[in-house]
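J.: I would like to see how this sequence folds:
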Amino acid sequence: MNRILIVEDNEKKIEKLRDFLNEEFPEIAVEEKRSYNSALKEIAINYDNYDLILLDMSMQTYDISNEESGGEPEPLAGKNILKQMYLREIPTKVIVVTMYENYIDGTKIKQLDIELSKNFPDNYFGYIFFSHSNFDWAKKLEQEIKKIL
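T.: Sure thing, here's the model as predicted:
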C-alpha cells in the first residue's frame, strides 16, 4: 500500500487535501504532521514509510496544543525540510502545495521553484497552488500523484 505524508499547519487545507486523497486514491494511506519540527522528526525516522510527501512551505515551528503556541512561524520551513532530506540522503519524493505566490522574506514561488529544482532534483517534483475557492489544484495534484506512484 502506498503512503502519503501531508505536512501542513492549516486545518482547512489539511481537510481538503485529505478528502481529495481519500476520494481519488482510496487505496493510499494518509498521515499528517502539522509543524516543521514534527514533520522533520517523522521524515528523519520513518521516511521509508512514505512514497510521497505533500509539503507546505510556510508553517509553525511546533505543533499547536494547549501548552504550545506553535512558536515562530517559519516562512520557508518546507525549503529547510527539503535541505535536511538532501543532507540525510532521504529519497522520498516531495510536491510543495502552497497558497502563496510570495513569501514574507520576499521570495517568489517561481524563483523558489527554480532553486528547489536545481538543489533537490531527486526529491522535489514541483509545486501546486492550492486555493479554497476552486479545485484547479486537485486536477493538477491528481496528475502529479499518478506520475509519481
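
J.: now residue 75: how far from residue 145?
T.: From residue 75 across to residue 145, the span is 26 Å (CB to CB, to the nearest Å). C-beta here means a position set from N, CA and C on the backbone, and glycine is covered the same way.

J.: show me which of these two is the more surrounded one.
T.: Of the pair residue 75 and residue 145, residue 145 is the one with more neighbours under other CB atoms under 10 Å, namely 22 against 16.

J.: can you classify that one as helix, strand or coil?
T.: At residue 145, secondary structure determined by DSSP: H, G, I helix; E, B strand; the rest coil is helix.

J.: does it really touch residue 51, like I thought?
T.: No: Residue 145 lies out of contact with residue 51 (CB atoms under 8 Å); the separation is 9.4 Å.

J.: identify the contacts common to those two.
T.: In the contact map built from CB atoms under 8 Å, 6 or more residues apart in numbering, the residues linked to both residue 145 and residue 51 are residue 4.

J.: all strands of this protein, in order?
T.: All strands of the chain, identified by DSSP state E, fall at 3-7, 29-33, 52-55, 59-60, 73-74, 93-98, 124-129.

J.: partner strands of the fourth one and their direction?
T.: Spelled out, it's strand 59-60. Neighbouring strands of strand 59-60 in its sheet, by DSSP bridges, are strand 73-74 (antiparallel).

J.: who touches the partner strand?
T.: Residues outside strand 73-74 that contact it (CB under 8 Å, 6+ apart): 36, 58, 59, 60, 61, 80.

J.: what number of residues lie near the last one?
T.: Same thing as residue 80. Residue 80 has 13 neighbouring residues, counting by other CB under 10 Å.

J.: residues touching it, list them.
T.: Shown in contact with residue 80 (CB under 8 Å, 6+ apart): 36, 40, 74.
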